[in-house]
Structure formats: structure tokens, C-alpha cells
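Participant: A predicted structure for the sequence below; I have some questions about it.
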Amino acid sequence: MTYVITEPCIDVKDLTCVEVCPVDCIHPTENEPDFADHRQLYIDPAECIDCDACVEVCPVDAIFPEDQVPAGQEKFTEINVAYYSGS
């Protein structure tokens, strides 16, 4: 299972989660050329190790385990996957 960044991250993009991620699976970072092109951050489902560190520091409570994404926000699971698949 992986974690998913959901709607509250849109237009916030607080980078605290990026800073605490031990496997650097949250992108884009502010040092990446496409940072300004995205309204939210994304978790790479192939790289996430389910450590929970990002959940604890998210100031807008936007990160959930994949099986606990709030009702109505399920589409964000696919949105996170699509970012990493280039779709």
C-alpha cells in the first residue's frame, strides 16, 4: 500500500512532507523544473515505503493511506499514479 496526496494540497504545496520523506518519493520539489506547472505534490506509489512520516507533518491533512482516502477524493489515487507514469 502507498500514501496518496489529496485535494487539500492543491495550491498549497507545503514542502514539509518532501523534507521528511526518507526515500524522496514526493515530487515535484521546488528545485525541479516542473514545480510551477503543478498545483499539488504527488507520492510515487512504486517508491513509497509506507513510513507515515509525511502524514504526520502535512499542515493541511492532505495525505492518506491508499485504502483510507476520503470519500469523494478517490480520483487522487489515480492522479498521483498518473504523475509518475507520464499520463
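Facilitator: That came through fine.

Participant: going forward, measure contacts and count neighbours with C-alpha atoms only.
Facilitator: Will do.

Participant: what sits up against the lowest-mean-pLDDT helix or strand in the chain?
Facilitator: Of the helices and strands making up the chain, the lowest-confidence element is helix 75-85, at a mean of 94, by mean pLDDT, DSSP states H and E. Outside of helix 75-85, the residues within contact range by Cα atoms under 8 Å, 6 or more residues apart in numbering are 4-7, 42-45, 66.

Participant: show me which residues of it are buried.
Facilitator: Under the neighbour-count criterion of 16 or more other Cα atoms under 10 Å, helix 75-85 has 76-77, 79-81, 83 buried.

Participant: next: stretch 2-20.
Facilitator: Residues of stretch 2-20 classed as buried: 2-7, 9, 13-15, 17-18, 20 (neighbour count, 16+ other Cα under 10 Å).

Participant: touching, Leu41 and His27? I think so.
Facilitator: Yes - look at Leu41 against His27 with Cα atoms under 8 Å: they come within range, at 5.6 Å.

Participant: mind listing what the closest residue to Gln73 other than its chain neighbours touches?
Facilitator: With Cα to Cα, 6 or more residues apart in numbering as the criterion, Gln73 has its nearest non-adjacent residue at 6.6 Å, and that residue is Thr6. With Cα under 8 Å, 6+ apart as the criterion, the residues that contact Thr6 are 62-64, 69, 73, 76-77.

Participant: ramachandran angles for the closest residue to Cys58 other than its chain neighbours?
Facilitator: In space, and not counting its chain neighbours, Cys58 is closest to Cys17: 6.2 Å by Cα to Cα, 6+ apart. Main-chain torsions, Cys17, degrees, to the nearest 10: phi -60, psi -40.

Participant: quick check: the gap between Cys17 and Leu41.
Facilitator: Taking Cα to Cα, to the nearest Å as the measure, Cys17 and Leu41 are separated by 9 Å.
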